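In: Sequence isn't available, so here's the structure alone:
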């Protein structure tokens, strides 16, 4: 069941949100719903919609099956802080 919610936000925030939803082909309602769901994700393990930006980036980097992320990050940090 859907329920109406009224929010008070600054005009600038609303303008930015409207631009975001236009570019990402979604709605402000869905954006707020996804945000609230993400806040309570630890409380309930439901799936939520993945944003178009994340979908677009998904699969961009191809890693070897035996790639060790922790080892690679450790090497990176060692080089960075020599």
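Out: Yes, it's here. Given the structure is predicted, the values throughout are model-derived calculations rather than measurements.
In: As a check, name the ranges of all strands in the protein.
Out: With DSSP state E as the criterion, the chain has no strands.
In: Give me the contacts around the helix or strand of it with the lowest mean pLDDT.
Out: In the chain, the helix or strand scored least confidently by mean pLDDT, DSSP states H and E is helix 52-57, which has a mean of 78. Helix 52-57 is contacted by residues 24, 25, 26 when judged by C-beta atoms under 8 Å, 6 or more residues apart in numbering. (Each C-beta comes from the backbone N, C-alpha and C, glycine too.)
In: how far does that helix sit from the chain's center?
Out: Centre-to-centre, helix 52-57 and its host chain are 9 Å apart (C-alpha atoms, centre = their mean, to the nearest Å).
In: Ok, stretch 49-65 next?
Out: Stretch 49-65 has its average C-alpha position 12 Å from the chain's average C-alpha position, going by C-alpha atoms, centre = their mean.
In: measure it end to end?
Out: Using C-alpha to C-alpha, to the nearest Å, the end-to-end distance of stretch 49-65 comes to 27 Å.
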